[in-house]
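S.K.: starting from these lines, generate the structure:
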Amino acid sequence: MSDTTTDRGSDTFGFIRRNIRQYGILFALVVIMAFFQVVTGGILFRPVNLTNLFLQNSHIVIMAVGMLLIIVAGHIDLSVGSVAAFVGALAAIMIVKMGLPVPLVVVLSLVAGAIIGAIQGYWIAYWKIPSFIVTLAGMLVFRGLTMWALQGQSIGPFPKDFQMIASGFIPDLFGVGKPNVLSLVLGWAAALVILWIQIRNRKREEAVGIADEPFAFFVGKNALIFVALAWMTWALANFRGLPNVFIVMAVLVALYAFISERTTLGRRIYAIGGNEKAAKLSGINVERITFLTFVNMGMLAALAGMVVSARLNSATPKAGVGFELDVIAAVFIGGASMSGGVGTVVGAIIGAFIMGVMNNGMSILGIGIDYQQVIKGLVLMAAVIFDVSNKRKS
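M.R.: Residues are numbered from 1 along each chain as shown. Down below sits the predicted model:
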């Protein structure tokens, strides 16, 4: 009996050690949210503030899912903030000055972002120019093009249908009002689907004997996620409902989590980041996949640029400044490795919300932007140090 207990304790300790990144960042998010909920006197979890939290960080989340794939593949993209600003400026010119319909502008803007990503990805993938240099040049080029396109002026306002991308809410088709029944149905259904998927995966792992996560950890983690999603949905439904951009984020997270974890393309991206030479020898088209990750990043940066412009109701020359730093920090804080080959989409999203909650909480407390930058820098440094020290131990 004692031997069995010892084995279980050893297995549990080993599991924690192997998955310290995943559980560490989730625990960090819970602790940070609890801390700011207390010190702000309960303001953090108020429905209006939760809504603002999603709206203010939506562009970071959107770009983080693309940046995760870039970093997993062993590269980096410093141009995303400038690309977002430039595409936001293009969208403003097409809508406000040229009078083009919003759906057409959305498509053209996404295509423009993909083309920008393709241009940068071409030099990185096929000419082997370091991504740091190419995207640093892109950051300067597209910042300059944004200023040139806007001529130093802000362009706006936008029509209501464009603003709805970032500031609209799901209408209650049932006509109840409060709570927003459609938001409740969507949110609770999503929570149940996530729980069902986790249970199904657990049963499959147990059937073939590869389930290494202790049952108590499995139950606790999924209970926490389910309760958090259900409660958050209830809170938002009793305010104005789920924001449109929240649905966009949820769809992107689900799509990219599936691609990265369940598809051949996703496994090849991880293989490239883990060992590019070995991946090439195994028959993986390293150049094409690297190229596609940058095309994808450009498209997501374009989407983020439209979201920011729609939320601000104007395109400004200074839009997107510092976005790349927040996005990269979110991915590293979320558990990605600087050397590539490691990281998850869910981890990147948790990292984005850690940054978002810190920004939001410190702003509520009236902490100056100077101290905020210092604190965020220290958190990023701590995440990188943790990554390096964890590798040395393993």
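
S.K.: can you say which helix or strand has the residue nearest in space to the middle of the chain in it?
M.R.: Of all residues in the chain, the one closest to the mean position by Cα atoms, centre = their mean is residue 61, 2.9 Å from it. In this assignment (DSSP states H and E), residue 61 forms part of helix 47-72.

S.K.: chain center to that helix: distance?
M.R.: Mean C-alpha position of helix 47-72 versus that of the full chain (Cα atoms, centre = their mean, to the nearest Å) differs by 5 Å.

S.K.: cool, stretch 334-354 as well?
M.R.: 9 Å.

S.K.: by mean pLDDT, point me to the weakest helix or strand of the chain.
M.R.: Sorting the helices and strands of the chain by mean pLDDT, DSSP states H and E puts helix 2-18 at the bottom, at a mean of 58.

S.K.: so where is the stretch 1-150 of the chain shaky, pLDDT-wise?
M.R.: Where the stretch 1-150 of the chain drops to pLDDT under 70, the residues are 1-14, 16, 18-19.

S.K.: the nearest residue to residue 122 once chain neighbours are set aside sits in which helix or strand?
M.R.: Among residues not flanking residue 122 along the chain, residue 291 sits closest, at 6.5 Å (Cβ to Cβ, 6 or more residues apart in numbering). The way it works is simple: take the backbone N, C-alpha and C, and place the C-beta from them, glycine included. Using DSSP H and E, residue 291 sits in helix 286-312.

S.K.: one step back: pretty sure the residue nearest to the centre of the chain sits against residue 249.
M.R.: Yes. Contact status for residue 61 versus residue 249: in contact at 5.0 Å, counting by Cβ atoms under 8 Å.

S.K.: ok, which stretches of the stretch 51-200 of the chain are helices?
M.R.: For the stretch 51-200 of the chain, the helices defined by DSSP state H, counting those that start in this stretch cover 80-92, 102-126, 131-150, 160-167, 181-208.

S.K.: out of these, which is the most enclosed?
M.R.: Greatest average neighbour count among the helices of the stretch 51-200 of the chain goes to helix 80-92 (a mean of 30), per mean count of other Cβ atoms under 10 Å.

S.K.: export that helix to PDB, keeping only CA atoms.
M.R.: Extracted as PDB, the C-alpha positions of helix 80-92 are listed here (Å, rounded to 0.1, in the frame of the first residue of the first chain):
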ATOM      1  CA  VAL A  80       3.000  43.500 -36.600                       C
ATOM      2  CA  GLY A  81       2.200  46.800 -34.900                       C
ATOM      3  CA  SER A  82       3.200  48.800 -38.000                       C
ATOM      4  CA  VAL A  83       1.400  46.400 -40.300                       C
ATOM      5  CA  ALA A  84      -1.700  46.700 -38.200                       C
ATOM      6  CA  ALA A  85      -1.500  50.500 -38.300                       C
ATOM      7  CA  PHE A  86      -0.900  50.600 -42.100                       C
ATOM      8  CA  VAL A  87      -3.800  48.300 -42.900                       C
ATOM      9  CA  GLY A  88      -6.000  50.300 -40.600                       C
ATOM     10  CA  ALA A  89      -5.000  53.400 -42.500                       C
ATOM     11  CA  LEU A  90      -5.800  51.700 -45.800                       C
ATOM     12  CA  ALA A  91      -9.200  50.600 -44.500                       C
ATOM     13  CA  ALA A  92      -9.900  54.200 -43.400                       C
END
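
S.K.: for that helix, which helices and strands make contact with it?
M.R.: Under the contact criterion of 3 or more Cβ pairs under 8 Å, 6 or more residues apart in numbering; DSSP states H and E, helix 80-92 touches helix 47-72, helix 102-126, helix 131-150, helix 286-312, helix 323-333.

S.K.: quick one: closest of the ones you listed to residue 364.
M.R.: helix 47-72 (7.7 Å; Cβ to Cβ).

S.K.: hang on, the earlier thing: out of the helices and strands packed on helix 80-92, which comes closest to residue 340?
M.R.: Nearest to residue 340 among the helices and strands packed on helix 80-92 is helix 47-72 (6.0 Å), distances taken as Cβ to Cβ.

S.K.: now the angle from the closest one to helix 286-312?
M.R.: 160 degrees (axes from the mean of the first three to the mean of the last three Cα atoms, to 10 degrees).

S.K.: helices along the stretch 251-394 of the chain, start to end?
M.R.: Under DSSP H, counting those that start in this stretch, the stretch 251-394 of the chain gives helices at 264-274, 276-281, 286-312, 323-333, 345-364, 369-393.

S.K.: which strands or helices does the helix holding residue 61 pack on?
M.R.: helix 80-92, helix 160-167, helix 215-237, helix 244-262, helix 264-274, helix 286-312, helix 323-333, helix 345-364.

S.K.: go again with 7 Å.
M.R.: Applying 3 or more Cβ pairs under 7 Å, 6 or more residues apart in numbering; DSSP states H and E, one finds that helix 47-72 contacts helix 80-92, helix 215-237, helix 244-262, helix 264-274, helix 286-312, helix 323-333, helix 345-364.

S.K.: who's in contact with the second one?
M.R.: Right, helix 215-237. 47, 50-51, 179-180, 183-184, 187-188, 190-191, 194-195, 198, 202, 242 (Cβ atoms under 7 Å, 6 or more residues apart in numbering).
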